[in-house]
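>>> Predicted structure and sequence below. I'll ask about it afterward.
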Amino acid sequence: MLHALVSAVQEVGGAIDPVAAKNYGSMVGSGLSIGLVVIGVGLGIGRIGGSAAEGIARQPEAAGTIQAASIIFAALIEGVALFGLVITILYM
């Protein structure tokens, strides 16, 4: 699928001025990068939630500590997502 997209862009590339082609390439790259960031963040938070549930199931008396740590880790991962979004917007 990616090969077909690249081929289509190359065929049409002669009809588009270089500035517009650079802008379109920048938008495609930005969209792909933020998509990868969102996928990574979703996987990370999902893993934190699953591990926290498993840890609470094994040791119910440590539920408060596990919950607090998982909230902190989720916040750190969200910070990485915002950083990725800012970098993506800057390169647009």
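Yep, it's here. Numbering: from 1, shown residues only.

>>> okay, CA-based contacts and neighbour counts for the rest of this
OK.

>>> So G55 sits against I66, correct?
Yes - G55 is within contact range of I66, at 7.2 Å (criterion: Cα atoms under 8 Å).

>>> Buried residues, the helix or strand hosting V86. List them.
Taking DSSP states H and E as the definition, V86 sits inside helix 63-90. For helix 63-90, burial by neighbour count (16 or more other Cα atoms under 10 Å) applies to A63, I66, Q67, S70, A74, I77, E78, A81, G84, L85, T88.

>>> Can you tell me which of the residues you listed lies closest to S26?
Taking Cα to Cα as the measure, S26 lies nearest T88 of those, at 9.6 Å.

>>> residues contacting the closest one?
By Cα atoms under 8 Å, 6 or more residues apart in numbering, T88 lies in contact with S30, S33, I34.

>>> pLDDT added to those, as CSV?
Output for the contacts of T88, formatted as CSV (pLDDT from 0 to 100):
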residue, pLDDT
S30, 85
S33, 87
I34, 88
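
>>> if we can go back for a sec, pull the most distant pair out of the buried residues of helix 63-90.
Within the buried residues of helix 63-90 (distances taken as Cα to Cα), the two that end up farthest apart are A63 and T88, at 37.1 Å.

>>> Not counting sequence-adjacent ones, nearest residue to V38?
The shortest distance from V38 to any non-neighbouring residue, by Cα to Cα, 6 or more residues apart in numbering, is to A81 (6.9 Å).

>>> correct me, but the one you found touches G35?
No - using Cα under 8 Å, A81 is not in contact with G35, being 10.5 Å away.

>>> Give me the three-state assignment for I34.
helix (DSSP: H, G, I helix; E, B strand; the rest coil).

>>> Who are the contact partners of the residue nearest to the spatial centre of the chain?
For the chain, the residue nearest the mean C-alpha position is V37 (1.3 Å; Cα atoms, centre = their mean). The contact partners of V37, taken as Cα under 8 Å, 6+ apart, are A81, G84, L85.

>>> Tell me who's in contact with the last one.
Remark: with contacts taken as Cα under 8 Å, 6+ apart, L85 is in contact with I34, V37.
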